[in-house]
Each structure stands twice: as structure tokens, then as C-alpha cells.
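1. model this:
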Amino acid sequence: MLYKLAHILRDRFGFLWNIVEWCNAFVFALTHGSALRKIPAILEECSGQFTLRVAAPADAAPLAAFFAEQPEEAFKFFKPHAFDEKTLSKIIRNRAFLTFLVLDGEKIVGYFFLRCFVNGKCFKGYMVGNSYRGKGIAKLEGIAMNKVNEALGLRMFGSISPENSASMAAAKSVNEVKILKTLENGDFYVEFLPKAANV
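-> Residues are numbered from 1 along each chain as shown. Prediction:
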């Protein structure tokens, strides 16, 4: 119900949605401040061949360029927000929309996020650059999101198209995936749980 209401507010009542977003971000940052300060260290621990870090305001332009370089098919199952510099700048500044980058040197090769809410839930999403697929980056992003989410103490949700077998496989490599229902667009609404072996 909350998922559907959020989409109605966003799509039909932009002004109200902006107020809700601001209030959610303010309260979330206030109540999770100590956990949020741990995130850079968590991402550093997950880094190795590729560097993971929190996105900064200055990353909006290069991140927009990263999305512009991806083939159209990359967005078939990934449409969490617009991908222009203005939208990305707004998202990066939202203290409850945690945005992260995967870098190969200085080059952005992956993007992932946790969209957090004061009701104790978050929604995850990720993308790997087309030329960097098959290098384990999606799994790395999944592990990092699990560790960050563990520090925040939230329940983690998302949507996966039944046609997107690659996304489902990546999710199952790091989480138990519980399908809660099928959304109106045909996607599965799922909860990502810790794998039993990792508990």
C-alpha cells in the first residue's frame, strides 16, 4: 500500500511529494546519523579491484555522462528516476536517498542506491556499466548494500521483472529473495533477506 501511495504522490502531486521527501530525509538523517557516518568505512572495506564510495554533489555531471553512455537496453528494467544532471544532483543531496559509485580508477563503472524511509524500510537499485558486466560488480554492489543496510537496521525491498533473470540471479547470490506480490506492471515486489549462510 505504501509503495503504491508513494508512486501516486510522486506522479500526480509533485508539490506534496517534495514536502514528503524533505521531511523523510530530515527525520531519517536525524535518527540514523551515527549509522550514516559508518558508511564510508563500510564501502572502503568492500573496495578492492574497484573502489566503492558515496556519491558527492560534484559527481552529478559525470554520473549523468555514465548513464548517457549506456545502451538503451540497459534501462529496460532500471527506471528508478530520471538520469539528467539536475535530477541526479537533487538525489545525491537527499540524505535519505543514499547513492553510491563503483570506480575503476577515476572512471564510474557502477551505480547503486538505498532509498530509505523513516518507517524502517529501504528500496535498493543498481546498475553496472555495459562494458564492465561479468566482472562481479553487481555482486559487489549487493554485498555493500547488505552491509550498509545492516548498519542502518532497515528492511530492504525492491522490484524485479520476471523477465530480468540476470538481476534475480545477482540478488540471489547475496540475499534470500522473498517474493511478496506481483505489481500491476508485472514486476515482482520482493524483500531481500540475509542469506542463511551469512547470518
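
2. three-state assignment of the residue nearest the centre of the chain?
-> Taking C-alpha atoms, centre = their mean as the criterion, residue 113 is the residue nearest the geometric centre of the chain, at 2.2 Å. Per DSSP: H, G, I helix; E, B strand; the rest coil, the local secondary structure of residue 113 is strand.

3. next, the closest residue to it other than its chain neighbours: phi, psi?
-> The spatially closest residue to residue 113, leaving aside those adjacent along the chain, is residue 99, at 4.8 Å (C-beta to C-beta, 6 or more residues apart in numbering). Backbone N, C-alpha and C define where each C-beta goes, glycine included. Residue 99 adopts backbone torsions of phi -110, psi 140, taken as degrees, to the nearest 10.

4. pull the number of nearby residues for residue 99.
-> 22 (other C-beta atoms under 10 Å).

5. quick one, what contacts it?
-> 54, 55, 91, 92, 111, 112, 113 (C-beta atoms under 8 Å, 6 or more residues apart in numbering).

6. go again with 10 Å.
-> Contact analysis of residue 99 by C-beta atoms under 10 Å, 6 or more residues apart in numbering lists 54-56, 59-60, 63, 81, 88, 91-93, 111-115, 125.

7. part of a strand, is residue 52?
-> Yes. Counting by three-state DSSP, residue 52 falls inside a strand.

8. quick check: it touching residue 141?
-> Yes. Using C-beta atoms under 10 Å, residue 52 makes contact with residue 141 at a distance of 7.8 Å.

9. pull up the overlap in contacts between the two.
-> Contact with both residue 52 and residue 141 is made by residues 46, 100, 102, 110, 112, according to C-beta under 10 Å, 6+ apart.

10. ok, residue 149 to residue 69 distance?
-> According to C-beta to C-beta, to the nearest Å, residue 149 stands 29 Å off from residue 69.

11. between these two, which is the more surrounded one?
-> Neighbours were counted for residue 149 and for residue 69 using other C-beta under 10 Å; residue 149 has more, 20 against 12.

12. SS state for the closest residue to the more buried one other than its chain neighbours?
-> Spatial nearest neighbour of residue 149, chain neighbours left out: residue 156 (5.1 Å); criterion: C-beta to C-beta, 6+ apart. Following three-state DSSP, the label given to residue 156 is strand.

13. swap in residue 180?
-> When classified by three-state DSSP, residue 180 comes out as strand.
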